[in-house]
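Student: Structure here, sequence nowhere to be found:
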Ligand SMILES: CCCCC/C=C/C(=O)SCCNC(=O)CCNC(=O)[C@H](O)C(C)(C)COP(=O)(O)OP(=O)(O)OC[C@H]1O[C@@H](n2cnc3c(N)ncnc32)[C@H](O)[C@@H]1OP(=O)(O)O
Ligand SMILES: NC(=O)C1=CN([C@@H]2O[C@H](COP(=O)(O)OP(=O)(O)OC[C@H]3O[C@@H](n4cnc5c(N)ncnc54)[C@H](OP(=O)(O)O)[C@@H]3O)[C@@H](O)[C@H]2O)C=CC1
């Protein structure tokens, strides 16, 4: 028998819980599913392509965990209903939903057609609503639960090239807060995690050369985020560690939004911000 993977959290943090992670065939979704399993959760893996989900499931099983693949599309009500039915049959419960599936294309606002705008709203806002509504209907109104949405840092600032998805993610945040207010009485907590630039394979498909990103001084911690940075925060919110947190929007961005809209250093006096020697002689 294979050994259980060690986790940054206690291995029984999510014992007895079932978690559904959308978009868990890659990137942050996969990292979240793997780490949740190492905390004792049993996983339901949801996305459109079955093969990557099976790979994640195999990784979880190889580490001694339990995973169940339920392919589907967050935009398609029928496939969501089928997935919820299969989870009920297989596990009999659902305690955690992570709405991580999503994506968009980059385009200047003037090049976005109405159809293209709507496609991105469907994928990121309507899809998350449909998953959340179904999880509440099938499981959470009765037994409570925790929902975490993966959004983007655009709630604090403009993000050129992303008008459609910025609108969608802001919609998710507003929806999350309102649901948190309405559903507290059912024992349902809802929160958002807003990632900065995270180094996943998907990001590699975007025209963002890492050297250029660094030059632009995007992150005060001087690195892109890793999928695990997001997974750790999702688990904190989804598990009992976040028991008294609802309606929150946590930015996990390495400080990217601290000066994203307006980096005034060159304008003021670049020398003022130059690296200086510390008292102990080490570089700051
Ligand atoms: C918020 C800040 C984020 C910063 C960094 C973010 C990183 C990431 O998000 S990493 C994840 C990256 N994942 C992706 O980029 C993939 C996402 N793409 C999709 O999932 C889909 O392409 C879609 C949901 C955006 C659209 O899919 P679908 O609903 O199937 O729509 P169609 O393909 O039929 O297209 C409808 C319509 O949309 C316009 N359009 C679609 N793709 C593009 C494109 N690449 N460039 C320009 N326009 C596009 C277009 O108007 C399409 O209509 P037609 O022209 O009639 O085909
Ligand atoms: N990487 C980054 O810097 C940032 C990413 N984000 C967002 O974080 C989330 C995770 O990103 P990341 O891991 O990088 O990206 P990935 O593309 O690796 O993950 C997204 C996953 O969602 C699934 N998915 C997409 N649309 C649907 C759908 N309609 N129904 C079901 N599954 C779907 C995809 O699988 P499949 O194709 O098999 O369906 C894919 O595996 C996404 O929402 C992304 O937009 C936000 C900010 C920054």
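Tutor: On my side now, so go ahead. Everything quoted here is computed from the prediction, not taken from an experiment. Ligands and ions are numbered 1, 2, ... in the order given.

Student: When you work out contacts or count neighbours from here on, use the C-alpha atoms and nothing else.
Tutor: Noted.

Student: The residue in the stretch 1-150 of the chain that ligand 1 sits nearest to: helix or strand, and which one exactly?
Tutor: Using C-alpha to the nearest ligand atom, residue 116 is the residue of the stretch 1-150 of the chain that sits closest to ligand 1, at 3.2 Å. Taking DSSP states H and E as the criterion, the element that holds residue 116 is helix 114-121.

Student: can you tell me if that helix touches ligand 2.
Tutor: No - Helix 114-121 is not in contact with ligand 2 by C-alpha under 6 Å from any ligand atom; minimum separation 9.6 Å.

Student: Residues contacting the helix or strand following that helix, please?
Tutor: Next along the chain after helix 114-121, taking DSSP H and E as the criterion, comes helix 127-135. With C-alpha atoms under 8 Å, 6 or more residues apart in numbering as the test, helix 127-135 has contacts from 74-77, 80-81, 84, 94, 97, 99, 147, 149, 172.

Student: Pull out the buried residues from helix 127-135.
Tutor: By neighbour count on 16 or more other C-alpha atoms under 10 Å, the buried set for helix 127-135 is 127, 128, 129, 130, 131, 132, 134, 135.

Student: pLDDT averaged over that helix - what is it?
Tutor: Averaging pLDDT along helix 127-135 gives 99.

Student: So is stretch 40-58 next to ligand 2?
Tutor: Yes - using C-alpha under 6 Å from any ligand atom, stretch 40-58 reaches ligand 2 at 47, 48, 49.

Student: give the contact list for the second one.
Tutor: Contact analysis of residue 48 by C-alpha under 8 Å, 6+ apart lists 71, 72, 73.

Student: Out of these, name the ones that lie in helices.
Tutor: The helices, defined by DSSP state H, take in nothing from the contacts of residue 48.
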